[in-house]
Structure formats: structure tokens, C-alpha cells
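Enquirer: please work out how this folds:
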Amino acid sequence: MLDVAPHAAARAAASDRLTISTADEGHAAGLRALIADALAHEGQSWSNKPPLQAEAEISIDEIRALIAAPRSRLLVAIEDHTVVGCVLVTRLPGERCALGLLGVDPSYRRRGLGARLIAAAEHIAENSFGSDQIELCVLAERAKLAAYYARFGFAPTGEHRTVPLADATMEFLVMAKPLTAPVGV
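Expert: Down below sits the predicted model:
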């Protein structure tokens, strides 16, 4: 279990029953259900994103592959034997990691669980992968989501990434955060 909660909101949300740990095969079905539910309710959240067809978004096999990937760590938040959150940390080339797949059960939103998961991801990136920076990608039109990550110290890098789709493209804003304090601070 990781006990990482440097942000005030994360400390306020700490629960004796909630744990964050590395996901294993036994969590795959719960993670699939969490991701499907989170995507189905996303239009009702602060992002104002329309609901997605979650069944087409991620499969159990894809989740198992993420759990087994040697350059990634999928973290899972569990309360009362139920998966209520997750975040993926992936080691990138250089001294960087990427944060992705941050998901919180809709009934657990606005309680600081996202903050705890971000803090846990930063801890893994710095202490397990030896990274000095963590980055993430946000859909360019999701200004509220970018503002959410900015509250945790992520800032736009100026880099944009475009992902071509069959009938459109998706434009992402890259945000990053240093993980170690600069010398002399």
C-alpha cells in the first residue's frame, strides 16, 4: 500500500478503509467496471465531455496488458474491496514518466481521491522509476481539465500532439511537472 498524500485535498480525503496499491490480475474486472462507469458518467462531471461508448474504449485484455507491462505501473484505489480509482504511470525515454488513465468512481469525485492518485503516481515516478519529471496529455478543448491538473503543479509545455482518427483528429496539450525541487530552493 502506498501512503502518499502531500496535497491538502488528498490529506483531507484520507480514509482508513481506502488503500492505493499496484494493481494485479485480481483487479482487472474491477478496473474495467470502473473505467466503463467513469466514461459513461463523464458527461455529468466537471469536464463536460459527452459520454463515450466505454465497451469500445478498453478491454479486460488491455487492462491485463497494462498490469503486466514492465515500464508501467497501474495503481488502483480500493475501498471496502471495491475498485474506486486508478492511475497509470509509464516510464518514458529520458528521465520522464507519463501519468494517464486517471479515473475515479463517479460517487467518489470531489473527495480528493484524484489528488491522492496523482500524488501516488508522482511518488512512483520519482521513487520507483527515478524520474525527475511527469507529464500528461489533455484534450486541447478541455480547458477545465487542464485547469484541474494546473492546481497540482502541471503546466503546459507548449507541445501539442495530434492523433489521427478514421474521421477526425484529436489534438492534445502536453502538460508537465518537475518532481524534484531545483537545487538552491
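Enquirer: where's residue 65 relative to residue 175, distance?
Expert: Distance of residue 65 to residue 175, computed by C-beta to C-beta, to the nearest Å: 25 Å. The way it works is simple: take the backbone N, C-alpha and C, and place the C-beta from them, glycine included.
Enquirer: quick one, which of these two is more surrounded?
Expert: Taking other C-beta atoms under 10 Å, residue 65 and residue 175 do not tie; residue 175 has more neighbours (22 against 12).
Enquirer: so which helix or strand takes in that one?
Expert: Element membership for residue 175 (DSSP states H and E) is strand 169-178.
Enquirer: that strand: how far from the chain's middle?
Expert: With C-alpha atoms, centre = their mean, to the nearest Å as the basis, strand 169-178 stands 13 Å off its chain's centre.
Enquirer: and the contacts of it?
Expert: Strand 169-178 has contacts (C-beta atoms under 8 Å, 6 or more residues apart in numbering) with 96, 122, 132-141, 146, 149-150, 152-163.
Enquirer: which of the helices or strands spans the spatially most central residue of the chain?
Expert: Taking C-alpha atoms, centre = their mean, the centroid of the chain lies closest to residue 102, which sits 2.4 Å from it. Element membership for residue 102 (DSSP H and E) is strand 96-104.
Enquirer: what strands line up against that strand, and which way round?
Expert: Paired strands of strand 96-104, with direction, are strand 82-91 (antiparallel), strand 133-139 (parallel) (DSSP bridges).
Enquirer: circling back to that earlier point, quick check: PyMOL command selecting the buried ones in the contacts of strand 169-178.
Expert: In PyMOL syntax, the buried subset of those is picked out as below (16 or more other C-beta atoms under 10 Å):
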select buried, resi 96+122+133+134+135+136+137+138+146+149+152+154
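Enquirer: so of the contacts of strand 169-178, which ones are in helices?
Expert: Among the contacts of strand 169-178, the ones falling in helices (DSSP state H) are 122, 146, 149, 150.
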